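**Q** mind folding the following:
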Amino acid sequence: MKIENDLVVSIHFGVAEVDGHALDSTENGAPLEYIQGTHYLVPGLEAELAGKEVGDKFDVTLEAEQAYGPFQEELVQQVPRSLFEGVDEIEVGMSFQAETDQGPRTVEVTEVTDETVSIDANHPLAGMALQFVGEVVGVREATAEELAHGHIHQAGSSCGGHSHQEEHECCGGDKSKHAEGESCCGGHGHKEKKEEKSPEGCCGSCH
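**A** Numbers count the residues shown, from 1 in each chain. You can find the predicted model right below:
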């Protein structure tokens, strides 16, 4: 069965910067599973996998435009510290969910002063060329429920449950399409972030 839209695909993969610095891998863990055509993966990787079958390997280098997009300076902003009222401590590296004109977006704190907080809404891998290397390990029909919901369902789990997919949204999945449960490289390759829910009204101007 060849990979085409609306099929559930399982892949084992590793991702690295083009200089060879490894960022993440599914090695020693569960494969990444997604529905082809739902934009779960970054555009270049999904396009590379189209037409492949179980056992096929892939090795593709993607420029930023086909991965997580260019770094956008306008997504780096300074906001009043008062918007974080109710948060006891604000530290560089913390991340918050912010409501924007484009929907929920994760922003990372990059600088803190007595009056302002600098936040960055770019994806952690924005502006980077990346190499994805891996193998297709499964292709199957999606269930009607999975197609209706736009994501796969793990055995014994419900829609509200977290699956191992969320652990790889940074490197295999397109984070811009999946705000809920975002994480970066499954905790590998980047400093661990402390995730906080954004106070109501916080960063409402971020876009």
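**Q** just the C-alpha atoms of stretch 127-134, please, in CSV.
**A** The C-alpha coordinates for stretch 127-134 follow below in CSV (Å, rounded to 0.1, in the frame of the first residue of the first chain):
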residue,chain,number,x,y,z
GLY,A,127,14.9,29.6,9.8
MET,A,128,16.8,26.3,9.9
ALA,A,129,17.5,23.8,7.2
LEU,A,130,16.9,20.3,8.5
GLN,A,131,17.8,16.7,7.4
PHE,A,132,15.2,14.0,8.0
VAL,A,133,16.4,10.4,7.7
GLY,A,134,14.1,7.4,8.4
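**Q** so where is the protein shaky, pLDDT-wise?
**A** 102, 155-207 (pLDDT under 70).
**Q** mind listing the strands for it?
**A** Here the chain has its strands, by DSSP state E, at 7-17, 22-25, 32-35, 57-62, 76-80, 95-100, 103-112, 116-120, 130-141, 195-196.
**Q** let's have the ones you listed in CSV, adding distance to residue 48 and mean neighbour count.
**A** C-beta here means a position set from N, CA and C on the backbone, and glycine is covered the same way. Output for the strands of the chain, formatted as CSV (distance: least, Cβ to Cβ, whole Å; neighbours: other Cβ atoms under 10 Å):
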stretch, distance to residue 48, mean neighbour count
strand 7-17, 10, 20
strand 22-25, 17, 19
strand 32-35, 13, 22
strand 57-62, 5, 14
strand 76-80, 31, 16
strand 95-100, 29, 20
strand 103-112, 26, 18
strand 116-120, 28, 21
strand 130-141, 7, 18
strand 195-196, 30, 15
